[in-house]
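Q: Please find the sequence and the predicted model below.
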Amino acid sequence: MNTVIIAEEKKTNVLATTMKPNKKQRALINFKKAQSLIGKIIEMVEADEYCINIMQQNLAVLGLLKSVHQMLMENHLNTCFKKAIDSKDNKKKNKMAEEILKVTKLFNR
């Protein structure tokens, strides 16, 4: 059984850094493509379309989401993480490392 993780309430993060514009644009494009494909998959299921076709579309969504996850991680490491590591605040450094480990564990489930 797969675990569904509901997004946590948005918190203000002192460490937050704006995504680089080109990364943000690419991430948004992939999220919007995935959103569109999910709508099509729902229609396919409702129309009792061939299972393999549905699975292929599902794999396309997973590929888009994995790609955007990679973009987000790279951006995070090059901005927020770098900023925390460059600081002298050990508590901030430890928190940042814990966050990355947590997200990585969730991704690898």
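A: Yes, it's here.

Q: What pLDDT does the model give the closest residue to N53 other than its chain neighbours?
A: Nearest residue to N53, sequence neighbours excluded (Cβ to Cβ, 6 or more residues apart in numbering): M44, at 6.6 Å. C-betas here are computed from N, CA, C, even on glycine. Note for M44: predicted pLDDT of 98.

Q: Sticking with M44, tell me its helix or strand.
A: helix 21-46 (DSSP states H and E).

Q: by contact count, what packs against that helix?
A: Packing partners of helix 21-46 (3 or more Cβ pairs under 8 Å, 6 or more residues apart in numbering; DSSP states H and E): helix 51-76.

Q: Now the helix it packs on: buried residues?
A: Under the neighbour-count criterion of 16 or more other Cβ atoms under 10 Å, helix 51-76 has 54, 57, 61, 64, 68, 71-72, 75-76 buried.

Q: to the chain's geometric centre, what's the distance from the very next helix or strand once past it?
A: Proceeding N to C from helix 51-76, the next assigned helix or strand is helix 82-86, under DSSP H and E. Between the centre of helix 82-86 and the centre of its chain there are 21 Å (Cα atoms, centre = their mean, to the nearest Å).

Q: Tell me how far I52 lies from L62.
A: Distance of I52 to L62, computed by Cβ to Cβ, to the nearest Å: 15 Å.

Q: and if you look at K91?
A: Computed as Cβ to Cβ, the K91 to L62 distance reads 36 Å.

Q: cool, V45 as well?
A: From V45 to L62 the distance is 16 Å (Cβ to Cβ).

Q: Same question for N94.
A: On the measure of Cβ to Cβ, N94 and L62 end up 32 Å apart.
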